[in-house]
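*Asks:* Okay, predicted coordinates and the sequence, questions at the end:
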Amino acid sequence: MTIQDDETLQMYLEESLEHLEDIENDLLAIEAAGADIDDDLVNKVYRAAHSIKGGAGFMGLTNIKNLTHEMENILGKIRSREMVPTSDVINVLLSASDTLKNLMDNVLHSNDEDISEQITRLQAVLAGEKPQDGQQAPAEEQPPQAPADQDTDAAAQDTCPAPEGTVALVLPDGRCGLFIEPEDILPLIEEGKCVYLVEILIEEDIKAKDKTAKAVIEEMDQTGIILACNADLPPLDQIEKDWIPEETDYLLFLFATILKPGDINVLFEIDPGRIFQVSPEMELRTLDGELVSQPADMQAAEPAPEKVEQQAAQEETKDAPETARAEKTKAEETTSGQAEKAAASVPSAVKAPPKAVSEPKAAEPKISKPSKFGHETSLRVHVSLLDQLMTLAGELVLSRNQLLQSMASGDQRGSEIAGQRIDLITSELQEAIMLTRMQSIGNVFNKFPRVVRDLARSLGKKVELVLEGKEVELDKTIIEAIGDPLTHLVRNAVDHGIETPDVRQQAGKNPVGRIYLKAYHEAGQVNIEISDDGQGIDGHKLAAKALEKGLVTEEQVKVMSEREKINLIFLPGFSTAEKVTDVSGRGVGMDVVKTNLDKLGGLIDIDSEVGKGSVIRIKLPLTLAIIPCQIVLTGGERYAIPQVNLEELLRIPADQIRSRIERVGDAEVVRLRGNLLPLIKLSEVIGIEPTYVDPETGERLPDRRKTLSDRRCLKSPGPGLPEAADDYGSDRAEPETENRRGDERRYRAASALNIVVVSTGAMKYGLVVDELHDSEEIVVKPLGRDLKKCKGYAGATIMGDGRVALILDVANLAQMAGLTSVENSVRAAEIAKAEIEAINARKDKQSLLIFRSSEEEQFAAPLNLVERIEKIKYTDIEEVGGKRVIKYRGGSLPLFSIEEVAMVKPLADKENLLVIVFVVAGREVGLLAIGPVDATEVAINIDGQTLRQAGIMGSAIINNQTTLLIDIFEIVKALNPEWFEEQEVVEVGEGEAATILFAEDSSFFRSQVRGSMEDQGYNVLEAEDGEIAWNLLQENADRIALVVTDIEMPNMDGFTLTKKIKESPLFSHLPVIALTTLAGEEDIARGKEVGIDDYQIKLDKEKLLASITNHLKQLKAA
Amino acid sequence: METATSNTPDSGMVELATFYVGQALCGMDILKVQEINKLMEMTTVPQAPGYVMGILNLRGQIVTIIDLGKKLGLATTELSETSRNIIVNSKGEYIGLHVSRISDVVEADWSKVEPPPANIGGVQGTFFRGVFKTRDSLVGILDTEKVLLEDN
């Protein structure tokens, strides 16, 4: 084989690989179109295959040539609509293109590869067989059969099955001549040239006449064009003087020249019987103009489908016509009898290389072969971009000259101008160079239709892949690195996501699953979304699996959100496939995907709904080479934190440090908008001494504080209190570092805490640094091998002043600090819980219904007392017996408005009114109101004094407006006192009312509830929290008959209090009634667990009193 | 490791750049030396191995500076007026060897190079490819690749 010089080969390979990629996708498109053949598309593939073949022939890559040749045959049939491109056909073509790719990957040894299997299969397809049957039995075992219904020459034709679209020129003796393509030849004939098929025998015509092959070829080249040759002709200028074709003893040329048939033999001086003219009908004629005896041979060959063995032999007859010829010349088989001809094909089959018939492999297409996204050695860049680069380079040189000149002549101004120019040009140059590295993500996406198709086929699923945003461009390195993770995700979507068609149908979905792959730009990053409409990911299953595998603990799972559970999939060693298939479940899973993406500075996130599908979102930086970074300073050195990891910068003023930094366990956390954020001190993680700048001296001093909430303490007041010299300073009441401020002495801005809030994937934490500097674009440089073990750095960069700064790897820093992602999520959950409890302990939340009676005043009523709200017309209201009622559910609903009892503005005169229905004293009553109504859950401080009046229990500020809280019981009682029969007061002993211990932290509720209990006649002991209540209980052990407690209280909550009461033998008999603002089921369950006897809503006086009475009675009875 | 011995055949003449590591006079093939400088604007790398002094910017390349003394098991080489970084290219990456003092360039004949003794000036003999006697001193020829192996 002749391999051309590297450059040509390289070019050929690049071009061919490009073609191959197109071929693959086009084949899929052809398959999708089915019988509805798109000619343009087929032609495109045909042309691509053809140019690969052409080049391969030129390069001497016979295997590639042969393979493409066979592909071409099939494509030709598709093009001429003799074959429907079924999946089976396409499958074979695809696997052939895979083989081609492999051959090209290893091009130097491509000719040594065994491609007979592929060829056989292609030929089988061509013969119209199902590819599965395509593996033929060894040809020797099959006796040649003459086709029954073909004319005498058909057999000969069968020995030369021509690729579709080509014509086999068969010599009069039945040998296969050359395959020609009419399109190549016709134009030449039209030009007036004559095309000849010339057979030159090496012994007879060359050696015997003392010629050389080179001379013959040179001569031909001078008088015409050699269109084809049976031997692999080296390029003319490389033919050795004594070159003769190795494998053959004759040369067959297809030759176009202006020489007329009468003159042609002047050139060759051979037996004119071996020169044939090719007519425009692609027929061979002798030089006398007579048609060569086998007219059938001249037509486009149509392989007989049933002739398996012929098909099998086809490779050899085509591949090695020389061999066949050699055989035949020896046997002197020159007769044209059909049987002989049929037999003639057999020896060639017998002579077939053993590999052709050896161990037929499984015909099943190799579809699970992982696709590789190799590194390309060259890149295509648009010429205009190169021109731009060139211009910029020129500009740069000019500016440099200018700068040098200015510097030499000491021209400051000139230097500045040149400097500015260089600055501009550099930025532009940087941009342009980055552009050369940009490639569209389509390069990666285009591989997926095939991946999805093959996978879906092998899994028996139907999947449609939709690609969007192929044109989005990314840096070459990222494109290369993203391929494998994306493939994994897409495979996962097909394998685990999309269900089988019958399952889908049962679930009422379209049996064809959809995978949506989308890339788009957002916020300077590239986003890739892989969504499917499959079965989704079941977080519980994942959690159970993780538990089973011992990756997480039960406690951890308990506090996990659904999302966190789904993100468990990223844990190393997690494979979700219920059964391990050959596609997924190879033990490496999403964790590898995540690691790979982390390396690229990308983020991955999963969202999923069981039964609906999953969405995987990936965020990638556009480029890795130059990244924007936040520069921070710690321990006197600068560090860069990639902007992708940066969430926000946090500066906690000195006087808030104590209140916002807390220790939870052994970790320090910062309170940030209601969430607690774990903190990591950079200096601690990388083991350096933090510093701070002394505000007075400007010196950088080591910071000795152990925990963040510690204060810096000057052991000595410093050299002579600098302010003493300052007139104003000494006057000012300077709160020096002494005990002037009591607890909090920090006041200087320099003492503020600088926190960089960073996130990597699911993890978010605060990195405490000494100082925050600017944000800069930095160029990432790798670190040397001695520093590879330092996990905390992602690389280094050179700062403007020429010094080097390290780039921090925030994910690894977190790991080094023991803040791994799952641990963190659990801890974060704990912390968040602690935080919520802390908040709840301080404030009571109350659900309120907000409404208006007149336009101006806002009212609120406890939402849990409201039954429902009805819309009525003013005209629906009837006045009967001095009372307003409305017909309602077959009865009359008594109506009232607030101003009837309280001194408020009258009800607005509107046509449309609202009726808020309450149940008071066992009856429904309606409060007339107007909108807008709103329900809010607010933590409010209710003022029970300022605006207190009949019917109004107090006021609060809601939505920036003073809101009156109505007391519905009082209102109804004032209007209908007869509804309320005196509740029986349960007495203890002689006429003495029972004493109730009441624990409640909110003074408003305390006075409200206490009032209602005292009104009823009970004695009430008040406590502000659980602890006080507990103490009171012990002091008044003999008096207290019942405990009413709030749940959320500081120091000791209601649960703990109840637990203590119920556990103590002294008090365990006491009934405990818990008061809540809104009783959640979880709370109730927990309350029951600790022994709470009853739950009541805080402002529902009636029920509370009833419950008290009830319990006291029971107690008495016991 | 194949890099333990360098590509230069141990024959013919060789020019040695000599320098002091602590008290020991060491030399290395001058062709391995990229440059010698006294840039000391190093950035320390917390958590780096003890022998790494820091990294510095050598015209756009990040160079790891190694305290050669410490790497060879001697005392720390202090930054001083005479101390220099010898920048060598090892396995495609620039590494700076910080030495306490630079000395002359010595021409040596490989045939006259003797196998190293067990130690030279406190440095293990295995780090040397041999010793060469000049008129007034003994130069230990360092096997730089061996010295720069990470795990010693």
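*Replies:* The structure has been received and is ready for your questions.

*Asks:* okay, CA-based contacts and neighbour counts for the rest of this
*Replies:* Will do.

*Asks:* neighbours of B:Thr134, just the number please.
*Replies:* The number of residues packed around B:Thr134, counting by other C-alpha atoms under 10 Å in any protein chain shown, is 11.

*Asks:* what does chain B have sitting close to chain A?
*Replies:* Selection of chain B residues close to chain A by C-alpha under 8 Å from any C-alpha of the partner chain yields B:41-49, B:52, B:55-57, B:60-64, B:93-95, B:150.

*Asks:* ChimeraX command to pick out the buried ones of those residues?
*Replies:* To isolate the buried members of the residues of chain B next to chain A in ChimeraX, using 16 or more other C-alpha atoms under 10 Å in any protein chain shown:
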select /B:42,43,44,45,46,47,48,49,52,55,56,57,61,62,63,64,93,94,95
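
*Asks:* part of a helix, is A:Gln1083?
*Replies:* That one is not Gln; residue A:1083 is Asp. Yes. The assignment for A:Asp1083 (DSSP: H, G, I helix; E, B strand; the rest coil) places it in a helix.

*Asks:* In terms of residue numbering, what are the domains of chain A?
*Replies:* Split into domains by automatic domain parsing, chain A comes to A:166-302, A:383-437, A:441-621, A:626-711+A:745-833, A:843-979, A:987-1117.

*Asks:* By mean pLDDT, show me the worst of those.
*Replies:* Of all the domains of chain A, mean pLDDT reaches its minimum on domain A:166-302 (a mean of 71).

*Asks:* Check which helices and strands the lengthiest strand in chain A sits against.
*Replies:* In chain A, taking DSSP state E as the definition, the longest strand is strand A:923-939. Other elements packing on strand A:923-939 under the criterion 3 or more C-alpha pairs under 8 Å, 6 or more residues apart in numbering or on different chains; DSSP states H and E are strand A:845-852, strand A:891-896, strand A:912-920.

*Asks:* Relative to the shortest one, what are the paired strands and their orientations?
*Replies:* The strands that strand A:891-896 pairs with in its sheet are strand A:883-888 (antiparallel), strand A:923-939 (parallel) (by DSSP bridges).

*Asks:* Can you check which of the ones you listed gets nearest to B:Gln34?
*Replies:* B:Gln34 lies closest to strand A:923-939 among these, at 70.9 Å (C-alpha to C-alpha).

*Asks:* What's the first helix or strand after the closest one?
*Replies:* Next helix or strand after strand A:923-939 toward the C-terminus (DSSP states H and E): strand A:952-958.

*Asks:* quick revisit: let me have the helices and strands packed on strand A:923-939 in a markdown table, adding mean neighbour count as columns.
*Replies:* Shown next, in a markdown table, are the helices and strands packed on strand A:923-939 (neighbours: other C-alpha atoms under 10 Å in any protein chain shown):
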| stretch | mean neighbour count |
| --- | --- |
| strand A:845-852 | 20 |
| strand A:891-896 | 17 |
| strand A:912-920 | 20 |
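
*Asks:* Confidence-wise, which helix or strand of chain B is lowest on average?
*Replies:* When the helices and strands of chain B are scored by mean pLDDT, DSSP states H and E, strand B:119-120 comes last with a mean of 72.

*Asks:* With B:Leu58 as the reference, measure out to B:Met40.
*Replies:* 11 Å (C-alpha to C-alpha, to the nearest Å).

*Asks:* for A:Pro642, same thing?
*Replies:* When A:Pro642 is compared with B:Leu58 (using C-alpha to C-alpha), they lie 23 Å apart.

*Asks:* Ignoring the adjacent residues along the chain, who's closest to A:Val933?
*Replies:* Spatially, and ignoring its direct neighbours in sequence, A:Val933 is nearest to A:Phe851 (4.6 Å; C-alpha to C-alpha, 6 or more residues apart in numbering or on different chains).

*Asks:* who does that neighbour bridge with?
*Replies:* A:Phe859.

*Asks:* circling back: more crowded one of A:Pro642 and B:Leu58?
*Replies:* Between A:Pro642 and B:Leu58, counted using other C-alpha under 10 Å, the more crowded position is A:Pro642 (23 against 18).

*Asks:* what packs against the helix or strand hosting A:Val615?
*Replies:* According to DSSP H and E, A:Val615 maps onto strand A:613-621. Packing partners of strand A:613-621 (3+ C-alpha pairs under 8 Å, 6+ apart): strand A:525-532, strand A:603-609.

*Asks:* Right, I'll call it a day here.
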